[in-house]
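Peer 1: Any chance you can model this:
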Amino acid sequence: MSPNAASLAPTRLAPMANAIRALAMDAVQAANSGHPGMPMGMADVATVLYSQFLTFDPASPKWPDRDRFVLSAGHGSMLLYALLYLTGYDAPTIDDIRRFRQLHSVCAGHPENTELPGVECTTGPLGQGLAMAVGMAIAERHLNAEFGGDLVDHRTWVIAGDGCLMEGINHEAIGLAGNYQLGGLNVLWDSNHITIDGDTSLSTCENIRARYEATGWHTTECNGHDYADIARALAEAAADPRPSLVACHTIIGKGAPNKQGTHNVHGSPLGPDEIAAARKTLGWTAEPFVIPGDILSDWRSLGARGAEARAGWEQRLAASARGDEFSARIAGDLPTLQGWYAYREKLAADKPTLATRKSSEDALTVLTATVPAMIGGSADLTGSNNTKTKSTPEFTATDYSGRYLHYGIREFGMAAALNGMALHGGIVPYGGTFLVFSDYCRNAIRLSAIQKARAIYVLTHDSIGLGEDGPTHQPIEHVPSLRAIPELWVFRPADAMETAECWELALERKDGPSALALSRQNLPALRDNADQNRSAKGAYRLVDAKAARKVVLLSTGSEVQIAVAVAAALEQAGIGADVVSMPCWELFEAQDLAYQNALIPDGVLAVSIEAATTFGWHKWVGRDGLAFGIDRFGASAPADQLYEYFGLTAEAIVPQVKAKLGL
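Peer 2: So this is what the prediction gives:
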């Protein structure tokens, strides 16, 4: 139990909960948009949680050993904004709350971690908050095992709604949490039986507690409007060594006499008449956006209690022999990469022919040996993704010091867990699956980018080059579609050297996610120098034209070797051709126009070659350029036959380039 364990009397808790209700009503009404029902229904539970169980310090929102609170039901964002204001965080201010859901307000429609320090993660897509909380709980247990309970010993609390528990990702997330017995994870289920369409009986009849129990969870329930019963259930959850689900039976919109308990209060303002009636029902006489001084004082006293716990932790940190190391880990700083540059020099000398998934494994072998923050895993494809190394033993329910998670066939749950670990801090997570299954992960990858989470996705079997598994497993639209996600760095390296460079760039990035698209098939070495990270600018000239330059060949990944062969054939015909390898479009787009124009100058024919849809390539080759790709689904056959069938060979491309040049 938190330092707030000295509970306030119920007579003082009720006005505190009503302050949440009042702010929710007023803010949603002022915005003429939002969801007042959930904050009003869960106000009592949240008040007990913050007053008796949650360890936090508003003066230090990023204190590493604070409890994490995740509002998975992000549509009820006014619950969180009210709590942050009432407990004394610097933001939001009452003026911020007045501007709820307005342009540039920190009080966005759904909580955004980049806007407010007290928001642990961006939520709104239902179920993902709870799934990210699983990642946070994993991070806490691992860091506790590594650094000890004096530095790391906290809980993760979640408020989730009926919708969060219906989403498919919930099944994946709770299966992970149950398997790993994450006892510090406690989910408070707002069981109000209402969704937007109406009563939950319209769409579900499942026994949710039984489902959780079947996955290894402890469950209990409480009257979500009885302070003593809420405290009993939360104490029971906190004491149990298993992850816990607390079914909090609530009335949505509690306090609005004519709309409470109905779907009409879920996602619409109450309206002036109902707000007036609610004020009367609740005995709330203060003006809109005004919190009486005695009630605000009670709330602020809760925020002040956490300062003592934080001060004690800071003393332990200062006394710890590993304090500096822990602080560096939480800050996301990397140690010196021992052996890394020697590894790259060896690649330049040996010039190995390897699948880039194998090159990735080789790079990880070096990196995981020297970067203990790296925690890996795979969605049941470890032997195919090549994501496990000698330095990453399994993370298990009996040994949380492990650095490798077996996620099972749970791609979406894995991706959300990566976000949770990254946002918790102290962990640089990476997870693997086939590129084609990135569709299962997509919404979590999108949230990685929105939240600027340092998650790394290892996506192997990246093209028709995987061969006989056919169109269901052959990515066609996937690399272009991932490139469409803002702030996501998508790497598609051409050989072992580029793979090493891309891993270095992904690992060094602190402010967002990266995805590595890697080949199943072997690729020849195309580089024989390691003097600099040439992938750092996103694209670079791999081959210089010998004859007068007439063509620039742009390519990524496994097709760069084809571009090199095309250039050689063109040179034999007296046609000068550059080859530009483009392992990361996003980094190339960040370069100045002078650099971009130097690689793709005016007055030459630009040609792209990539075993994916040609979507997006005309940005680089122009309307008059040529884009070679696959604008249909793949087929089942050996890889070399597929490349020939789809015209992705030098023999097929060279005549078309010559024809375009009028030769």
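Peer 1: can you count the residues close to residue 544?
Peer 2: Residue 544 is flanked by 11 other residues according to other C-beta atoms under 10 Å. The C-beta positions use only the backbone N, C-alpha and C, and glycine is treated the same way.
Peer 1: how about the nearest residue to it, chain neighbours excluded?
Peer 2: Nearest residue to residue 544 in three dimensions, chain neighbours excluded: residue 578, at 6.2 Å (C-beta to C-beta, 6 or more residues apart in numbering).
Peer 1: you'd agree that neighbour is in a strand?
Peer 2: Yes. Assessed with DSSP: H, G, I helix; E, B strand; the rest coil, residue 578 lies in a strand.
Peer 1: Against residue 375, how distant is the closest residue to residue 382 other than its chain neighbours?
Peer 2: Here the nearest residue to residue 382 in space, its sequence neighbours aside, is residue 388; by C-beta to C-beta, 6+ apart that works out to 5.2 Å. When distance is defined by C-beta to C-beta, to the nearest Å, residue 388 is 11 Å away from residue 375.
Peer 1: what is in contact with the two at once?
Peer 2: residue 404 (C-beta atoms under 8 Å, 6 or more residues apart in numbering).
Peer 1: of the two, who's got more company?
Peer 2: residue 375 (26 against 22).
Peer 1: The more buried one in helix, strand or coil?
Peer 2: From three-state DSSP, the assignment for residue 375 is strand.
Peer 1: Next up, the contacts around it.
Peer 2: 139, 142, 392, 395, 403-405, 421, 427-430.
Peer 1: can we see that at 6 Å?
Peer 2: 403, 427, 429 (C-beta atoms under 6 Å, 6 or more residues apart in numbering).
Peer 1: hey, what's it bridged with?
Peer 2: Here residue 375 sits in beta bridges with residue 429, as judged by DSSP bridges.
Peer 1: How much space separates it from residue 393?
Peer 2: Residue 375 is 11 Å from residue 393, by C-beta to C-beta.
Peer 1: any idea which of the contacts of residue 375 is closest to residue 122?
Peer 2: residue 429 (17.0 Å; C-beta to C-beta).
Peer 1: On the pLDDT front, check the closest one for me.
Peer 2: Confidence at residue 429, expressed as pLDDT, is 98.
Peer 1: Mind jotting down where the helices sit in the stretch 401-550 of the chain?
Peer 2: Along the stretch 401-550 of the chain, the segments classed as helices by DSSP state H, counting those that start in this stretch run 411-424, 438-451, 478-483, 496-508.
Peer 1: For residue 243, find the nearest of those helices.
Peer 2: The nearest among the helices of the stretch 401-550 of the chain, by C-beta to C-beta, is helix 411-424 at 13.3 Å.
Peer 1: quick check: angle from that closest one to helix 438-451?
Peer 2: Taking axes from the mean of the first three to the mean of the last three C-alpha atoms, to 10 degrees, one finds helix 411-424 and helix 438-451 inclined to each other by 20 degrees.
Peer 1: what's the burial count for the residue lying closest to residue 364 once chain neighbours are set aside?
Peer 2: Nearest residue to residue 364, sequence neighbours excluded (C-beta to C-beta, 6+ apart): residue 389, at 5.2 Å. Close neighbours of residue 389, defined as other C-beta under 10 Å, add up to 20.
Peer 1: In which helix or strand does residue 389 reside?
Peer 2: Under the criterion of DSSP states H and E, residue 389 resides outside all helices and strands.
Peer 1: Who are the contact partners of it?
Peer 2: By C-beta under 6 Å, 6+ apart, residue 389 lies in contact with 364-365, 368.
Peer 1: which strands and helices sit next to whichever strand or helix holds residue 159?
Peer 2: For residue 159, the element it lies in under DSSP H and E is strand 156-161. Under the contact definition 3 or more C-beta pairs under 6 Å, 6 or more residues apart in numbering; DSSP states H and E, strand 156-161 sits against strand 68-71, helix 128-147, strand 185-191.
Peer 1: What average pLDDT does the helix or strand that comes right after it get?
Peer 2: Downstream of strand 156-161, the next assigned helix or strand under DSSP H and E is helix 162-166. When pLDDT is averaged over helix 162-166, the result is 97.
Peer 1: Not counting helix 162-166 itself, show me its contacts.
Peer 2: The contact list for helix 162-166 (C-beta under 6 Å, 6+ apart) reads 72-73, 126-127, 130, 195, 200, 208.
Peer 1: what do you get for stretch 338-350?
Peer 2: Counting by C-beta under 6 Å, 6+ apart, residues outside stretch 338-350 touching it are 366, 370, 496-497, 500, 528-530.
Peer 1: I'd like to know how many residues surround residue 461.
Peer 2: 26.
Peer 1: That one and residue 518 touch, don't they?
Peer 2: No. Contact criterion C-beta atoms under 6 Å: residue 461 and residue 518 do not qualify, at 7.9 Å.
Peer 1: Let me know the closest of the contacts of residue 375 to residue 296.
Peer 2: residue 427 (36.9 Å).
Peer 1: In contact with that closest one, which residues?
Peer 2: 139, 373, 375, 421.
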